[in-house]
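> turn this into a model:
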Amino acid sequence: MLWFKSISRGFALSSVVLASLGLSACGFTPLYGQQNNTAQVLAALDSISIARIPDRVGQMMRLELQHRLSPKASGQAAQYKLEVTLSEGIASLAVNQSAFVTRSNLHLTASYQLMRLSDNAIILSGSARTVASYNILSSDFATLTARANARKLAVVDVAKILQTHIAAHFKTAARPVSRSPAPYGGQNGKINYGYPN
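Just a heads-up that it's a prediction; the model follows:
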């Protein structure tokens, strides 16, 4: 049976930061590192309004995204709107000798677009997909419970992917624009590219 455990956003972010400390010296840039405008990224995530998503799985996804993008519910005016469309499918994975299905895969796909409310411009769009497996048991109730747990895991997994995509977008947008160094020399209207006169 699959088990679902909710992990707080603060703990998750701390884990990402701690895991990235050993990699930063090798040129790896952590998503939530201090040098990467963490405050700006978190403020942008907190200013996202999540549109309603139909059906029960849509409600689960919306709540999970709210938890991950704006856990403190600061109530600040929304600057962005996130729209998500979900698609769910179930496929048989294993069949026993009696031709009974014993295991299935639950596929969950989310297509999304992030709109800037000031001008209604779509600044980010994409999709995320995951698969969660569950056992087909002799008891219908047990099977339905296993499927529900698989659905919860799939929702959490897709929400994590969307959170990463959106945070990466804002991290890139908040990064200072790098400027090329001025050429060496340049006196008397002459430009010397690294070579002494």
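
> CA atoms only: put stretch 146-162 into PDB for me.
As requested, C-alpha coordinates have been extracted for stretch 146-162 and formatted as PDB (Å, rounded to 0.1, in the frame of the first residue of the first chain):
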ATOM      1  CA  ALA A 146      -4.800   2.300  -2.700                       C
ATOM      2  CA  ARG A 147      -5.900   4.300  -5.800                       C
ATOM      3  CA  ALA A 148      -6.700   7.300  -3.600                       C
ATOM      4  CA  ASN A 149      -3.300   7.100  -2.000                       C
ATOM      5  CA  ALA A 150      -1.700   6.900  -5.400                       C
ATOM      6  CA  ARG A 151      -3.600   9.900  -6.600                       C
ATOM      7  CA  LYS A 152      -2.400  11.900  -3.500                       C
ATOM      8  CA  LEU A 153       1.200  11.000  -4.300                       C
ATOM      9  CA  ALA A 154       0.800  12.000  -7.900                       C
ATOM     10  CA  VAL A 155      -0.700  15.300  -6.900                       C
ATOM     11  CA  VAL A 156       2.200  16.100  -4.600                       C
ATOM     12  CA  ASP A 157       4.700  15.000  -7.200                       C
ATOM     13  CA  VAL A 158       3.200  17.200 -10.000                       C
ATOM     14  CA  ALA A 159       2.800  20.200  -7.600                       C
ATOM     15  CA  LYS A 160       6.600  19.900  -6.700                       C
ATOM     16  CA  ILE A 161       7.400  20.000 -10.400                       C
ATOM     17  CA  LEU A 162       5.300  23.100 -11.000                       C
END
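
> who's in contact with that stretch?
Contacting residues not belonging to stretch 146-162 are listed as 1-4, 6, 57, 60-61, 64-65, 68, 82, 84, 88, 90, 104, 106, 108-110, 112, 128-137 [C-beta atoms under 8 Å, 6 or more residues apart in numbering]. Quick note: C-beta positions are derived from backbone N, CA and C, even for glycine.

> which of those fall in helices?
Mapping these onto helices (DSSP state H) picks out 57, 60-61, 64-65, 68.

> so which of those is the most crowded?
When these are compared by neighbour count (other C-beta atoms under 10 Å), L65 ends up highest, at 25 neighbours.

> so what pLDDT did that residue get?
The predicted local distance difference test score for L65 is 97.

> just confirm it contacts V84, I think it does.
Yes. Here L65 reaches V84: they are 7.4 Å apart, a contact under C-beta atoms under 8 Å.

> which neighbours do the two share?
If you check L65 and V84 against C-beta under 8 Å, 6+ apart, the residues they both contact are 50, 162.

> OK, contacts around L108?
So L108 contacts 57, 86-88, 129-132, 151, 154-155, 157-158 (C-beta under 8 Å, 6+ apart).

> could you rerun that using 7 Å?
Under the criterion of C-beta atoms under 7 Å, 6 or more residues apart in numbering, the neighbours of L108 are 86, 88, 130, 154-155, 158.
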